[in-house]
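**Student:** just a sequence and a predicted model for now, questions to come.
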There are 2 protein chains.
Amino acid sequence: MRALVVGATSWGCTLALQLGRAGTEVDILCRSMEEATDLARTRENRRLLPGIILPESINFVVEATPSDLVILAVPAQHLRTNLRAVLPGLAKLAPIVSAASQVVEEELHAAGVTAPIAAISGPNLAREIATGQPATTVVASADAETAAMLQAALMTASFRVYTNPDLIGVELAGALKNVVAIGVGIGDALNAGENGRAAFLTRGLAEIARLGVALGANPLTFTGLAGLGDLIATAASPRSRNRSVGVELGRGRPLDEILASMVHVAEGVPTTRAACRLAADHGVDMPIAQTMHRVLFDGLSPARAVQELMTRDPQAETSGL
Amino acid sequence: MRALVVGATSWGCTLALQLGRAGTEVDILCRSMEEATDLARTRENRRLLPGIILPESINFVVEATPSDLVILAVPAQHLRTNLRAVLPGLAKLAPIVSAASQVVEEELHAAGVTAPIAAISGPNLAREIATGQPATTVVASADAETAAMLQAALMTASFRVYTNPDLIGVELAGALKNVVAIGVGIGDALNAGENGRAAFLTRGLAEIARLGVALGANPLTFTGLAGLGDLIATAASPRSRNRSVGVELGRGRPLDEILASMVHVAEGVPTTRAACRLAADHGVDMPIAQTMHRVLFDGLSPARAVQELMTRDPQAETSGL
């Protein structure tokens, strides 16, 4: 079997490593000949995954190669462009893995191509997987054969892969957890403690699940590895960009200044806006996302935000679920 | 309103503080006149909650006083004795809060007394609540009036209280999380990383929920504050006795030596045995608890345990749920 990983990102290189360990040949599609040549020579992504040797079994290419599996590991804003670049070179029916199945579906439809679509998500800090520490993930696809194929292509003794048919739930969980991660950072900056952090993660997950269910997802997906698991790992990671935005907000820095100083996009910021819009459209109560929205865009102070969340009307724990 | 807290433990003193903040008068029933006199004089539990001032509004007593609410804050193994000591002095129908409702029910029945029963559980590291950091908790009772009364008696701007009718679920979540906490400690000792820890917490919670549902609990309780929330806070606490047992096991120390060196009981050890027995009786698959059982009692090495859990047959994520 041969896989094409689109994007020499830290996640792309990590998935290529893991596919290689499980016995799949991998080509990584690079942005430029310069990038491909450099990676092929140094066998190390010094900027994004320093210290990790990328073995000779990984090839670096600049044009899409025929493959049994295509994994898109590029940032969301570059997804469409990358997909258009690789589509013409693909054999029909090679499964496409992406974090945004709707975009993939649209592009496949426009190109008149059919292919099964899947997502990979979970508590997957790339560096730990690259170094071979134990990890688990979820491969989600409405097509059971595709999910099973991906499970077999990725699973090793240090990387345990579960299947889940709930593609939309897995994607939503992966995106919405970034809203909660910003709030975790705010709480950390305000020294909210372990009780406060645990409460915030728990109540944050509850409202993410409420929105997910309204959008057709399975609630169990949110208590699984792509929901709860990813959220715990993200909240624990000092490298999380979304958590970092929250820490800076909690210290009183204005959002535009924080975002201007960041090289990478903190997806939780636009996702907070999207989540609140969806919640309003579907009549879902999301007090945490709505409060985050006011902190991010309406000048609500972080300290006041915590106070407001703590002093809402007394409630039953499972109201709205 | 007047509450009687049985046990000048760190949790007992913390609940007394919180009840006082919310406007309830509190008597703490001490083990001895010496303990009561000392606490009344120093206004500090130097051994269990050092540095926290217990205000004059808290009384330290050595005999049960008439009260509108009784909270048992003693270790499980002393619950029955303490309950028998206070029952004769109680007005009928004063709600009784305990982490073991079955024991309370049995004792009430034997004494021919009727009273509503409730539990308080959540991500509640006592010290953080004592110092006034933000926290949330769940009051569980089949009796809605009792739950609402406790919610009102405890809630302040820094302590948010949710009600939940699922008493058995809240109790099970609080007990079973200790099994997972031991495993978290083992993983930490083996440097399993944040991905591994997040996976272990997620899959551990899933199997706890499976057992809970088989025993009549509501699955949502396990994804709530008394389940997920308590588990996250416990896993994050360096003071957790159960996590500490796991860390020592992971370092290769034998269980009997670890337990002999501890002043307090690590409840997760007997709970692991009980959980595996219940799982067998109800035909519930609990791979993590069963593996913990083999590490604790059958000499399975922690490294081998991790390996076995990682290399089980490939699965769908929600199988058995």
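**Tutor:** Nice, thanks for sending it over.
**Student:** quick one: the strands in the stretch 1-150 of chain A, in order.
**Tutor:** A:2-6, A:25-29, A:58-61, A:69-72, A:96-97, A:117-121, A:135-140 (DSSP state E, counting those that start in this stretch).
**Student:** not counting sequence-adjacent ones, nearest residue to residue A:160?
**Tutor:** Excluding the flanking residues, the one nearest residue A:160 by CB to CB, 6 or more residues apart in numbering or on different chains is residue A:136, at 4.5 Å. In short, each C-beta sits where N, CA and C put it, glycine included.
**Student:** got a list of what that neighbour touches?
**Tutor:** Under the criterion of CB atoms under 8 Å, 6 or more residues apart in numbering or on different chains, the neighbours of residue A:136 are A:122-123, A:159-162, A:225, A:229, B:195, B:199, B:202-203.
**Student:** please apply the same query to residue A:230.
**Tutor:** Counting by CB under 8 Å, 6+ apart, residue A:230 has contacts A:121-124, A:173-174, A:177, B:198.
**Student:** switch to 7 Å and redo it
**Tutor:** Applying CB atoms under 7 Å, 6 or more residues apart in numbering or on different chains to residue A:230 gives the contacts A:121-123, A:173-174, A:177.
**Student:** what does residue A:119 give?
**Tutor:** A:97-99, A:101, A:140, A:167, A:170-171.
**Student:** residue A:150 and residue A:141: what is the separation?
**Tutor:** Distance of residue A:150 to residue A:141, given as CB to CB, to the nearest Å: 7 Å.
**Student:** likewise for residue A:19?
**Tutor:** Taken as CB to CB, the span from residue A:19 to residue A:141 is 17 Å.
**Student:** any idea how far residue A:82 is from the residue lying closest to residue A:146 once chain neighbours are set aside?
**Tutor:** Nearest in space to residue A:146, with sequence neighbours left out and distances taken as CB to CB, 6+ apart, is residue A:116 at 4.1 Å. Relative to residue A:82, residue A:116 is positioned 19 Å away (CB to CB).
**Student:** same check on residue A:145?
**Tutor:** From residue A:145 to residue A:82 the distance is 25 Å (CB to CB).
**Student:** same thing with residue A:74?
**Tutor:** Remark: distance between residue A:74 and residue A:82 (CB to CB) = 5 Å.
**Student:** tell me the secondary structure at the nearest residue to residue A:155 once chain neighbours are set aside.
**Tutor:** Leaving aside its chain neighbours, residue A:155 sits nearest to residue A:161 (4.4 Å; criterion: CB to CB, 6+ apart). With DSSP: H, G, I helix; E, B strand; the rest coil as the basis, residue A:161 sits in strand.
**Student:** assess the claim that residue A:135 and residue A:124 are in contact.
**Tutor:** Yes - assessed by CB atoms under 7 Å, residue A:135 is found in contact with residue A:124 at 6.1 Å.
**Student:** intersection of neighbour lists for these two?
**Tutor:** Common neighbours of residue A:135 and residue A:124 (CB under 7 Å, 6+ apart) are residue B:195.
**Student:** got the buried residues for stretch A:287-294?
**Tutor:** Buried residues in stretch A:287-294, defined by neighbour count with 16 or more other CB atoms under 10 Å in any protein chain shown: A:288-294.
**Student:** outside of that stretch, which residues touch it?
**Tutor:** A:179-180, A:182-183, A:203-204, A:207, A:272-273, A:275-276, A:279, A:300, A:305, A:308-309, A:312.
**Student:** hmm, try it at 10 Å
**Tutor:** For stretch A:287-294, contacts defined as CB atoms under 10 Å, 6 or more residues apart in numbering or on different chains pick out A:176, A:179-180, A:182-183, A:186, A:200, A:203-208, A:211, A:246, A:249, A:268-269, A:271-280, A:286, A:300-302, A:304-306, A:308-309, A:312, A:315.
**Student:** sorry, back to before: what is the burial count for the residue nearest to residue A:146?
**Tutor:** Using other CB atoms under 10 Å in any protein chain shown, residue A:116 has 18 other residues around it.
**Student:** could you list the low-confidence segments of chain A?
**Tutor:** For chain A, the stretches with pLDDT under 70 are A:91-92, A:320-321.
**Student:** pretty sure residue A:285 is touching residue A:210, no?
**Tutor:** Yes - judged on CB atoms under 10 Å, residue A:285 makes contact with residue A:210 at a distance of 7.0 Å.
**Student:** quick one, which of the two is more surrounded?
**Tutor:** Taking other CB under 10 Å, residue A:285 and residue A:210 do not tie; residue A:210 has more neighbours (19 against 12).
**Student:** next one: stretch A:108-119 to chain centre, how far?
**Tutor:** Centre-to-centre, stretch A:108-119 and its host chain are 20 Å apart (CA atoms, centre = their mean, to the nearest Å).
**Student:** in it, what's buried?
**Tutor:** So, applying 16+ other CB under 10 Å, buried residues of stretch A:108-119: A:108, A:113, A:115-119.
**Student:** how about those, which pair is most distant?
**Tutor:** A:113 and A:119 (18.5 Å; CB to CB).
**Student:** hang on, the earlier thing: closest to chain B out of the buried residues of stretch A:108-119?
**Tutor:** The closest of the buried residues of stretch A:108-119 to chain B turns out to be residue A:119 (CB to the nearest CB; 12.8 Å).
**Student:** and the closest one, how far from residue A:170?
**Tutor:** 5 Å.
**Student:** ok so, going back, closest one to residue B:7 among the strands of the stretch 1-150 of chain A?
**Tutor:** Nearest to residue B:7, of these and by CB to CB, is strand A:135-140 at 40.2 Å.
**Student:** got the angle for the closest one vs strand A:117-121?
**Tutor:** Taking axes from the mean of the first three to the mean of the last three CA atoms, to 10 degrees, one finds strand A:135-140 and strand A:117-121 inclined to each other by 160 degrees.
**Student:** pairing partners for strand A:135-140, with directions?
**Tutor:** Using DSSP bridges, strand A:135-140 pairs in its sheet with strand A:117-121 (antiparallel), strand A:159-164 (parallel).
**Student:** before we move on, the earlier item: Serialize the buried residues of stretch A:287-294 to a markdown table and add fields for secondary structure and distance to residue B:155.
**Tutor:** As requested, the buried residues of stretch A:287-294 are exported to a markdown table (DSSP: H, G, I helix; E, B strand; the rest coil; distance: CB to CB, whole Å):
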| residue | secondary structure | distance to residue B:155 |
| --- | --- | --- |
| A:288 | helix | 19 |
| A:289 | helix | 23 |
| A:290 | helix | 21 |
| A:291 | helix | 19 |
| A:292 | helix | 23 |
| A:293 | helix | 26 |
| A:294 | helix | 23 |
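**Student:** got the residues of the stretch 201-321 of chain A near chain B?
**Tutor:** The stretch 201-321 of chain A has residues A:201-203, A:205-206, A:209, A:218-238, A:306-307, A:309-312, A:314-319, A:321 near chain B, with proximity defined as CB under 10 Å from any CB of the partner chain.
**Student:** inside strands: which ones of these?
**Tutor:** Secondary-structure check on those using DSSP state E: residues within strands are A:315-316.
**Student:** give me the PyMOL select line for the residues of the stretch 201-321 of chain A next to chain B, limited to the buried ones.
**Tutor:** To isolate the buried ones among these in PyMOL, judged by 16+ other CB under 10 Å, type:
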select buried, chain A and resi 201+202+203+205+206+209+218+219+220+221+222+223+224+225+226+227+228+229+230+231+232+233+234+235+236+237+306+309+310+316+317+318
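**Student:** I figured residue A:98 was touching residue A:79, is that so?
**Tutor:** Yes - counting by CB under 10 Å, residue A:79 is a contact partner of residue A:98 at 6.6 Å.
**Student:** mutual contacts of the two, please.
**Tutor:** A:6, A:72, A:104, A:107.
**Student:** neighbour-wise, give me the winner out of the residues you listed.
**Tutor:** Result: residue A:6 is most packed of the shared contacts of residue A:98 and residue A:79 (other CB under 10 Å), 26 neighbours.
**Student:** which phi and psi does the residue positioned nearest the centre of chain A have?
**Tutor:** Compute the mean C-alpha point of chain A, and by CA atoms, centre = their mean the closest residue is residue A:174, 4.6 Å away. Dihedral pair for residue A:174: phi -60, psi -40, per degrees, to the nearest 10.
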